[in-house]
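Participant: compute the structure for the input listed below.
(chains A, B and C)
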Amino acid sequence: MKPNLGADHALPPGVAVRGPTAWHRLDPLTKLTLSVATVVAVVTLGGVSLPALLGMLAVLLPAATAGVLPRVLHISLLLALPLAVSVAVVNILFTPTGSDVVAELGPLRLTSEGVRLAAEVVVRVLVMAGAVTLYYLTTRPDELVASLQAHGAPARLTFVIHGAVAMIPRLAERAAAVTEAQRARGLDSEGSLLQRVRGVSAVAAPTVSGAIAEVEQRTLALEVRGFSRPGRHTLLWAPQDSPAQRIVRWCIIAFVALLVVVRLTGWASPW
Amino acid sequence: MRERRCTAAVVLSLRGGSYRYPGAALDSLQDVSLELPEGSITGLLGAAESGLSTLCLVLGGLAPRVIGGELRGTLSIDGQDVREWPMHRLSESVVLSVGQPAGQLSMVAATVYEEVAFGPANLGLPRGEVMARTEQALDRLAITGLAGRDPRRLSGGQQQLVVLAGLLAMRPRHLILDGPVSHLDAGTTERVLGTLLDMAAAGAGVLVAERRTTPLLGISSNVVVMAAGRVRAVGSAEAVLADPALLALGIEEPPVLRTRRLLAEAGLGLDHEDLR
Amino acid sequence: MELRLESVSFDYPAGPRALDAVDLVVRGGETVAVIGANGSGKTTLLRHLNGLLRPAAGRVLLDGADGSSMTVARMAMCVGLAFQDPDAQIFAARVSEEVGFGARNAGASGRHLEAIVAQALDDVGLRGSLDTHPGDLGTSARKLLTIAAVLAMRTPIVALDEPTVGLDASAMARIETLIRSLAAEGRSVLAVSHDLRFVAETFSRVVLLDGGRVALDGPPEDVFDEAAWPRLRASGLEPPPAARLGARLGLGSTPTDAALLVAWQRTSGV
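Facilitator: Here you go, the predicted structure:
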């Protein structure tokens, strides 16, 4: 490839590839706004039917158009189900208030209020996991960084944000590596449920501390390559934003803000 | 192919450098002086805990700017004290590579091309210039074929080449490399060392720090040996590496020289030709 | 303990055959180096030894017992594996904890555990770093730490992935000595390495993997003999310097300096 100093020289094939579907090609800020808004909204909304509806509109529908529905379902169930189920169980068995008893198991009473509370928790957690997963599956980290920079965010800030966002899959990778290393030294994680739980807790602290150490190391390398230089950094390409998307983002933010205010002031009747 | 310059040779120089890590009780570097002329490769050798890596961090400017700690002495480029220079300004002249290649990737680039372009892009150069430098660096390291690949999915050896290309694209005057070939197999090592020779021939001043002597044998004009935070020997590669006192400093005797010595002791004299 | 791989084959989901009908027997006291180009299946092979990977075909047998019926934790009590990258496996906040982890899983505790940890650190030369945070150790020391962590498990078989990468000269000499003493104790050592000089000097047997298949299997004097050089070079490997010199001088196969000297002395009638 001979160097070409022309400004309109095209990027080689394979570089700056756009996503496969229209959803993928949306500006990362739009997708991020939707995911964050969904998480906030689902925490704010009460009941089971409204969060579920939100989940369908803001998670399942976009996931289907982006062709990632099976994976979103798979991953969010994997992530959320254990937590959701354990919280649900605690709620079911130990809800003090509740008069409509549905079943009894010795000293434990299963009330319909408890069941409903549990269902609310499960749906919430699932929708949150789904929103986060949808974002990760349809947005590359470099797209977010490019988008932030194109919108004028200082380079340093974009890397902090990117660091936070990229940390999560990295944590997962690192957890897998640490688990493997521990298994190779006799940690039994294949046995009973108790042993698996032990396995997870043995991995948590090293995963996080190792991830942090990695970030420190990487920051040094980034400094050498001028990432903290003040002023404009050149962008080779940027995701396509549009006025329409801008409007949609602000509408989403306004809607969620309204939701939060309404909830906090208890203005509307509890749903 | 050495660039002709009207100005004096750009020399990276450390005088009387002593450095202490933040919170440390003792200096990791003690009164170290070193000159890195352009257009040459200097080898830096030392056992573990010899201050090798610390010296690289100091020369590259990360210590104390990003890491903290206390540096006494003078670091200068072409006679100019660079103590007050912020990191990004220093990076336009000196770049540093330390640690495993995977840990040096930006993680922000989807392709090797973007990874290599990262440095020049951060310098705010015009888009065309960024692309030109990127393509030239990829070409120099013969990895143009990897341009569209995901840097995270490459082998360690390939990643090392990508990291080097990324540094090359910044067109630095000085390259400080801590352990660039220690994790590589023989083939990739050859390729990397060959590239360093090309860069030196084109005018860059290169410092290669390694814990094994063999990589430095064929490429360094000068070798500096460190132990316990101090410089213990400086000289031509041949002179320094053949010195039996090296062993006492924890430095490996180059296998080729070891073989020659053993054979000489057994009464067999061989000249250089036979030992290649 | 005898390690036996019977016609082991393995495929990664997205790739070509990583291991192709590999047959390998390692007996107690043997030291075996596995060499080959990148992607030749070396690391994949190591991961089969403790069950992290399970063969698609064939069996891994430990003293006749089929590994497929054992958990990784159980196999790890027989085969201690140290991975190539220290930073991908070190997880404790203190050297003593890191080294003690495996030993504790093997059932040691209290004073006995302390003694084992101390011994392992001594074997690799890290005695003084008992309470150090691994992050404060240099590159060479961190690598030694991963080896100590495996040693402390006192497994009959020790498997090392690139044990000399990142080590300085004295550390490397230590590892060479360590491997010899493990063999003398009757334990077996399997190591993947691209440092052929280290391999020739330290191991009694060398296995060349090429495309997932065993291409060569024998003592260093056979594997590094001139007749085998085309095979080695096809895998991107260069014979060790002593072998090359010995061939040039017409002294036959001399994989190590010692062999070179002996051969020279013999031919010159000394």
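Participant: which residues of the chain score low on pLDDT?
Facilitator: Just going to use chain A. Of all residues in chain A, those with pLDDT under 70 make up the ranges A:1-9, A:92-102, A:105-109, A:189-201, A:267-271.
Participant: not what I meant, chain B
Facilitator: B:1-9, B:268-276.
Participant: can you pull the contacts of whichever residue of it sits closest to chain C?
Facilitator: With distances taken as Cβ to the nearest Cβ, chain B approaches chain C most closely at residue B:252, which sits 3.1 Å away. Every C-beta, even on glycine, is put in place using the N, C-alpha and C of the backbone. By Cβ atoms under 8 Å, 6 or more residues apart in numbering or on different chains, the residues touching residue B:252 are B:211, B:212, B:213, B:246, C:168, C:169, C:172.
Participant: mind running it again at 6 Å?
Facilitator: Shown in contact with residue B:252 (Cβ atoms under 6 Å, 6 or more residues apart in numbering or on different chains): B:212, B:213, C:169.
Participant: quick check: residue A:68 touching residue A:137?
Facilitator: Yes. Residue A:68 is within contact range of residue A:137, at 4.7 Å (criterion: Cβ atoms under 6 Å).
Participant: among those two, which residue is more densely surrounded?
Facilitator: Residue environment comparison for residue A:68 versus residue A:137 gives the larger neighbour count to residue A:68, 22 against 16, counting by other Cβ atoms under 10 Å in any protein chain shown.
Participant: and for residue A:18, the neighbour number?
Facilitator: The number of residues packed near residue A:18 is 11, by other Cβ under 10 Å.
Participant: again, but for residue B:32
Facilitator: Quick note: residue B:32 (other Cβ under 10 Å) scores 24 neighbours.
Participant: repeat that for residue A:139.
Facilitator: Count around residue A:139 with other Cβ under 10 Å applied: 24.
Participant: who's in contact with it?
Facilitator: A:28, A:31.
Participant: state the distance from it to chain B.
Facilitator: Between residue A:139 and chain B the distance, using Cβ to the nearest Cβ, to the nearest Å, works out to 11 Å.
Participant: cool, and residue C:226?
Facilitator: Separation of residue C:226 from chain B (Cβ to the nearest Cβ): 16 Å.
Participant: and the pLDDT for the nearest residue to that residue once chain neighbours are set aside?
Facilitator: Excluding the flanking residues, the one nearest residue C:226 by Cβ to Cβ, 6 or more residues apart in numbering or on different chains is residue C:247, at 4.7 Å. Residue C:247 carries a pLDDT value of 87.
Participant: what's the neighbour count on residue C:247?
Facilitator: 17.
Participant: how close does it get to residue B:259?
Facilitator: Distance, residue C:247 to residue B:259, using Cβ to Cβ, to the nearest Å: 13 Å.
Participant: interface residues of chain B facing chain C?
Facilitator: Contact residues (Cβ under 6 Å from any Cβ of the partner chain) of chain B with chain C: B:47-49, B:155, B:182-183, B:185-187, B:211, B:250-252, B:255-256, B:259, B:262, B:266, B:268.
Participant: out of those residues, which end up buried?
Facilitator: In terms of neighbour count (16 or more other Cβ atoms under 10 Å in any protein chain shown), the buried residues within the residues of chain B next to chain C are B:47-49, B:182-183, B:185, B:187, B:211, B:250-252, B:255-256, B:259, B:262, B:268.
Participant: ok, which residues in the stretch 51-200 of chain A are in contact with chain C?
Facilitator: Those residues of the stretch 51-200 of chain A that sit near chain C, judged by Cβ under 6 Å from any Cβ, are A:177, A:178, A:181, A:183, A:184, A:185, A:186, A:188, A:190.
Participant: closest one of the residues you listed to residue A:223?
Facilitator: Taking Cβ to Cβ as the measure, residue A:223 sits nearest to residue A:177 out of these, at 25.5 Å.
Participant: what's near enough to touch that closest one?
Facilitator: Listed by Cβ under 6 Å, 6+ apart, the contact set of residue A:177 reads residue C:88.
Participant: with residue B:64 instead?
Facilitator: Taking Cβ under 6 Å, 6+ apart as the definition, contacts of residue B:64 comprise residue B:71.
Participant: now it: how far from residue B:29?
Facilitator: In this structure, residue B:64 and residue B:29 are separated by 11 Å, where distance is defined by Cβ to Cβ.
Participant: same check on residue C:220?
Facilitator: 41 Å.
Participant: do the same with residue C:107
Facilitator: 45 Å.
Participant: same question for residue B:143.
Facilitator: Distance, residue B:143 to residue B:29, using Cβ to Cβ: 35 Å.
Participant: who has more neighbours, the two?
Facilitator: Counting neighbours by other Cβ under 10 Å for residue B:143 and for residue B:29 shows that residue B:29 has the greater number, 25 against 20.
Participant: next up, phi/psi of that one, please.
Facilitator: Residue B:29 adopts backbone torsions of phi -120, psi 140, taken as degrees, to the nearest 10.
Participant: quick check: domain ranges of chain A?
Facilitator: Structural domains of chain A, as assigned by automatic domain parsing, span the residue ranges A:24-139+A:242-271, A:153-227.
Participant: run the chain-centre distance for the longest one.
Facilitator: The one in question is domain A:24-139+A:242-271. Here the centre of mass of C-alpha atoms in domain A:24-139+A:242-271, compared against the chain's by Cα atoms, centre = their mean, to the nearest Å, lies 12 Å away.
Participant: mind listing the helices for chain B?
Facilitator: Per DSSP state H, chain B carries helices over the ranges B:52-59, B:62-65, B:87-90, B:112-122, B:127-140, B:156-168, B:186-201, B:214-217, B:237-241, B:255-265.
Participant: brain fart, chain A
Facilitator: Counting by DSSP H, chain A has helices at residues A:22-25, A:28-44, A:49-55, A:61-65, A:69-94, A:112-138, A:141-150, A:155-183, A:193-224, A:243-265.
Participant: residue C:201 is nearest to which of the ones you listed?
Facilitator: Residue C:201 lies closest, by Cβ to Cβ, to one member of the helices of chain A: helix A:155-183, at 28.6 Å.
Participant: how about the contacts made by residue 149?
Facilitator: Picked chain A for this. Contacts here follow Cβ under 6 Å, 6+ apart; on that basis residue A:149 touches A:158, A:235.
Participant: not quite, I wanted chain B
Facilitator: residue B:112.
Participant: at 10 Å instead, please
Facilitator: Contacts were defined as Cβ atoms under 10 Å, 6 or more residues apart in numbering or on different chains; by that measure residue B:149 touches A:14, B:110, B:111, B:112, B:113, B:115, B:143, B:158, B:162.
Participant: what count of nearby residues applies to the second one?
Facilitator: Read that as residue B:110. Residues contacting residue B:110 under the criterion other Cβ under 10 Å number 21.
Participant: and it, its phi and psi?
Facilitator: Dihedral angles for residue B:110 - degrees, to the nearest 10 - are phi -80, psi -20.
Participant: I figured it hits residue B:117, correct?
Facilitator: No. Taking contact to mean Cβ atoms under 10 Å, the distance of 11.5 Å between residue B:110 and residue B:117 leaves them out of contact.
Participant: kind regards, and thank you for your time.
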